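# pasted the sequence and its predicted model underneath.
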Amino acid sequence: MKLKTLLNSCVQLVICKKFCSDENTITISNMEQIKLVIAGHIDHGKSTMIGRIMQDIGALHDDKIELLKAISKRRGMPMEWAFVLDAMRTEREQGITIQTTQVFLKTPTKSYAVIDVPGHKEFLNNMISGAASADAAILVVDAKEGVQDQTRVHSYILRWLGFDSVLVTINKMDLVNYSKERFDELRFQVNKHLKKVGIISTTILPVSARYGDGLVHRSQNMSWFTGPTLMSSLDAFWPKPMPMELPLRLPIQDIYKFDERRIIAGRIESGKLKVGDTLMFAPNNSTAKVRSIEAWGVKLPVLAASAGQCVGITLEDHIFVERGFLASHKTNPPVQTYFFRARIFWLANTPLELGRYYKLKLTTIERIVEVFKIEKVIDIFDLSEHSGNQIERNMIGEVVLHTRAMLYLDEFTFNPHLGRFVLFDGYDMVAGGLVFIDKVQELGLISYKSLQQIPSVEDHVTIENRWRANGHKSGVLWLTGLSGSGKSTLALELENILFRKGWQVCVLDGDNIRSGLSADLGYSPSDRHENIRRVGEIARLFANSGVLVITAFISPYRSDRARARALMPSLFHEIYVNASLDSCKKRDPKGLYKKANNGEIIEFTGISSPYEVPSSPEVEVNTCKQSINQSIEKMLSYIQAKFALENNE
Ligand SMILES: Nc1ncnc2c1ncn2[C@@H]1O[C@H](COP(=O)(O)OS(=O)(=O)O)[C@@H](OP(=O)(O)O)[C@H]1O
Ligand SMILES: Nc1ncnc2c1ncn2[C@@H]1O[C@H](COP(=O)(O)OP(=O)(O)O)[C@@H](O)[C@H]1O
């Protein structure tokens with residue numbers, strides 16, 4: 001999506017001066033809107049209700065009504081208000097717009113975003129993705145059928161998402177002759193069910209969506225009912241307060257180059273930020289000050305923005321940031337962890353299995369997660385609990401998830417915006433989940449860190465002192481290239497020469513790291529990502545202790561190398577060991593290409609897995625065109641220029 005579209009579409013940016021401390025500056029603020037979710041069993045009348053409300057509040061033009069009448073007649077049915085939604089999906093009208101499952105309605109007094117949920121997959125997706133976390137919920141129950149499977153599932157999801165009150169409409173009262181007895185019977189049934197689920201406060205209204213009884217106007221057919229209409233009950237709702245008081249969480253959606261500016265864009269999920277704030281970006285935890293907040297069509301500078309808004313910011317320092325990073329304030333960062341507890345709602349036909357991997361999406365953050373433990377399985381129909389190694393469709397599971405690459409999140413109860421996620425199996429959404437981090441340390445798994453708890457340790461020996469003692473500067477020579485390109489050969493030879501000169505030097509090589517520190521990793525993109533992350537961290541520690549580190553890893557992904565560079569920008573030097581795939585295949589020093597060609601090794605770089613050539617390495621050697629000695633000469637002269645200390649240094 002283009003930056004401008006992103007900033008304009010995500011939220012209507014209404015410029016107002018009400019929060020301004022300075023007349024010449026402005027703050028971006030939201031237009032007030034109530035988000036309403038309509039849930040219920042299939043065919044109990046959700047779409048009809050939305051269509052009929054539109055008609056009754058005068059949001060439909062006459063020609064649209066005529067068209068709907070004609071369609072309904074053609075299909076041999078009475079006026080079908082549910083068609084309004086279908087018709088709307090393809091067009092936009094004054095005051096009404098539809099985006100997939102959302103309908104926007106405006107009445108003279110209020111503005112509503114109505115979220116229609118065709119099934120619970122869409123329901124969960126909408127609610128959990130945060131795109132439409134609702135302020136109020138309507139549960140529609142058919143007067144003839146009463147509480148059905150999806151009524152149970154939806155009400156459980158609503159409770160699970162934090163609703164302790166819902167508005168229930170007993171719909172299709174016309175089919176039960178507007179009977180007060182039937183309504184009372186259902187009121188009792190629904191109340192009993194909702195109480196069991198944990199929804200305590202409910203308003204239950206009798207309506208007939210098809211005929212408009214009890215929606216916007218009082219029903220002549222149910223004069224026995226003295227309670228409010230649906231619309232007047234809705235009027236009592238107010239939008240939930242925006243989560244501005246929570247800590248800042250800005251998941252990065254994209255980086256745009258615009259003129260000379262590098263604009264970092266995303267939606268502020270919680271908290272607020274202002275120009276001059278120092279932001280910290282997980283997972284690198286590098287920090288930079290906000291130079292500006294960008295907005296379109298605004299003359300005055302924007303100085304602050306808050307939860308719910310899409311922003312583009314520029315930074316004072318050039319640090320590495322990419323999609324999936326998370327900006328926060330240093331004083332209140334997210335929890336960073338490899339393990340966390342979650343309560344997940346399983347939607348897929350094939351059950352979740354212990355030990356299986358799924359893709360997790362949490363705002364713009366994506367990770368592969370392993371189901372490490374299933375602690376409890378809850379049946380949402382009778383709320384019984386049991387243990388097991390599987391979670392079946394429509395069951396809730398309390399599980400421990402593990403990611404190889406650090407994940408940053410919040411406990412759902414603390415900050416729902418960073419505490420809910422969805423799981424995918426391939427392209428299929430299979431579950432919604434809520435994060436619970438409590439007691440995760442007790443699992444004995446650790447690798448859990450809350451940045452607040454880990455103060456950085458200041459070194460008493462400075463790096464410059466180490467350089468003076470060693471007689472040379474330290475840093476990382478990051479050799480990258482195909483398998484067989486010559487990385488190890490060149491790294492070991494360089495080490496040997498420098499060592500003989502008395503330098504503090506060491507080699508970190510793919511093969512020896514992978515037989516120890518990274519023995520748990522394979523060659524999938526995420527495993528390579530984690531491997532390179534670990535190598536980057538170790539290389540940085542060595543370099544900071546005065547050593548010249550030579551690394552020899554394929555490190556095929558540009559983003560992984562960029563991340564390693566970002567850890568230590570002034571110490572990192574990329575050396576591309578270039579050799580054509582054909583010559584690497586011919587050399588095949590370990591016989592791996594042969595095996596890869598026979599299909600004995602999967603995801604082999606250059607054969608069945610990509611290698612992304614460096615775009616601007618500090619040094620490039622071509623081992624097809626240069627001898628080993630020539631490549632070594634070229635690297636040595638670079639090392640001499642960059643790492644040797646002058647006498648007076
Ligand atoms: N599938 C697959 N793809 C690539 N390489 C493979 C694979 N399987 C095993 N090997 C052997 O592992 C060495 C590469 O490990 P690296 O740690 O350098 O890989 S990576 O940087 O994480 O991509 C690599 O070493 P080099 O030949 O020295 O590069 C291989 O010996
Ligand atoms: N010009 C050259 N530079 C580096 N290695 C070369 C050259 N010509 C041939 N080779 C051979 O190619 C092979 C490279 O293997 P290796 O160093 O293990 O590569 P990598 O670590 O990149 O997988 C070695 O057997 C090496 O002797």
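Received the coordinates, thanks. Ligands and ions are numbered 1, 2, ... in the order given.
# C-alpha only now, for contacts and for neighbours.
Fine.
# number of residues surrounding L592?
The criterion is other C-alpha atoms under 10 Å. On that basis, L592 has 16 neighbouring residues.
# same question, V190
Counted with other C-alpha under 10 Å, the burial measure for V190 works out to 21 neighbours.
# V535 now?
The number of residues packed near V535 is 23, by other C-alpha under 10 Å.
# again with G198
Taking other C-alpha under 10 Å as the definition, G198 ends up with a neighbour count of 18.
# mind checking the longest helix of the chain?
Scanning the chain for the longest helix, with DSSP state H as the assignment, gives helix 525-544.
# centre of the chain to the next helix or strand after that helix, how far?
Proceeding N to C from helix 525-544, the next assigned helix or strand is strand 548-552, under DSSP states H and E. Strand 548-552 sits 34 Å away from the centroid of its parent chain (C-alpha atoms, centre = their mean, to the nearest Å).
# list of residues touching the longest helix of the chain?
Residues from elsewhere that reach helix 525-544 (C-alpha atoms under 8 Å, 6 or more residues apart in numbering): 368, 404-405, 463, 474-476, 508, 518, 521-522, 548-549, 551, 555, 557, 560-561, 563-565, 567-568, 571.
# just the buried ones among these, please.
By the neighbour-count criterion of 16 or more other C-alpha atoms under 10 Å, these include these buried positions: 368, 404-405, 463, 474-476, 508, 518, 521, 548-549, 551, 555, 557, 560-561, 563-565, 567-568, 571.
# can you list the domains in the chain?
32-235, 335-453, 463-647 (automatic domain parsing).
# could you tell me the least trusted of those?
The minimum mean pLDDT among the domains of the chain belongs to domain 32-235 (a mean of 79).
# follow-up on the earlier one: okay, buried residues for the longest helix of the chain please.
Buried positions in helix 525-544, judged by neighbour count with 16+ other C-alpha under 10 Å: 526-536, 539-540, 542-544.
# near ligand 1 at all, that helix?
Yes: for helix 525-544, a contact with ligand 1 is found by C-alpha under 6 Å from any ligand atom, at R528, N531, I532.
# surely V335 and L409 touch.
Yes: under the criterion of C-alpha atoms under 8 Å, V335 lies in contact with L409, with a separation of 5.5 Å.
# neighbour count winner among those two?
Each of V335 and L409 has its neighbours counted (other C-alpha under 10 Å); L409 has more, 27 against 19.
# return the residues of the chain in contact with ligand 1.
Counting by C-alpha under 6 Å from any ligand atom, the residues of the chain that sit close to ligand 1 are 483-484, 510-511, 523, 528, 531-532, 553-556, 601-605.
# helix, strand or coil for whichever residue of the stretch 151-300 of the chain sits closest to ligand 2?
Of the stretch 151-300 of the chain, the residue with the smallest distance to ligand 2, taken as C-alpha to the nearest ligand atom, is N284 at 27.9 Å. When classified by DSSP: H, G, I helix; E, B strand; the rest coil, N284 comes out as coil.
# excluding chain neighbours, what is closest to L482?
Nearest-residue entry for L482: I554, 5.7 Å, with adjacent residues in sequence omitted and distances by C-alpha to C-alpha, 6 or more residues apart in numbering.
# now do the contacts for the one you found.
In this structure, I554 makes contact with L479, T480, G481, L482, S483, G510, judged by C-alpha under 8 Å, 6+ apart.
# can I assume it sits in a helix?
No: I554: not assigned to a helix; according to three-state DSSP it is coil.
# I'd like to know which residues of the stretch 351-500 of the chain are adjacent to ligand 2.
With the criterion set to C-alpha under 6 Å from any ligand atom, the stretch 351-500 of the chain comes near ligand 2 through L482, S483, G484, S485, G486, K487, S488, T489.
# what does the chain give?
Residues of the chain that fall close to ligand 2, judged by C-alpha under 6 Å from any ligand atom: 482-489, 587, 589, 623-624, 626-628.
# how about the residue of the stretch 151-300 of the chain closest to ligand 2, nearest residue that isn't a chain neighbour?
In space, N284 comes closest to L567 once its chain neighbours are excluded; the distance is 6.9 Å by C-alpha to C-alpha, 6+ apart.
# may I have the residues that are in contact with that neighbour?
Counting by C-alpha under 8 Å, 6+ apart, L567 makes contact with N284, S286, G536, E537, R540.
# I'd say the second one and M280 touch.
Yep, that's S286 we're talking about. Yes: taking contact to mean C-alpha under 8 Å, the distance of 5.7 Å between S286 and M280 places them in contact.
# between those two, which one's more packed in?
Under the criterion of other C-alpha under 10 Å, the comparison of S286 against M280 puts M280 first, with 21 against 16.
# quick one: strands adjacent to the host helix or strand of that one?
Counting by DSSP H and E, the element that carries M280 is strand 278-282. If you go by DSSP bridges, strand 278-282 pairs up with strand 286-294 (antiparallel), strand 326-329 (antiparallel).
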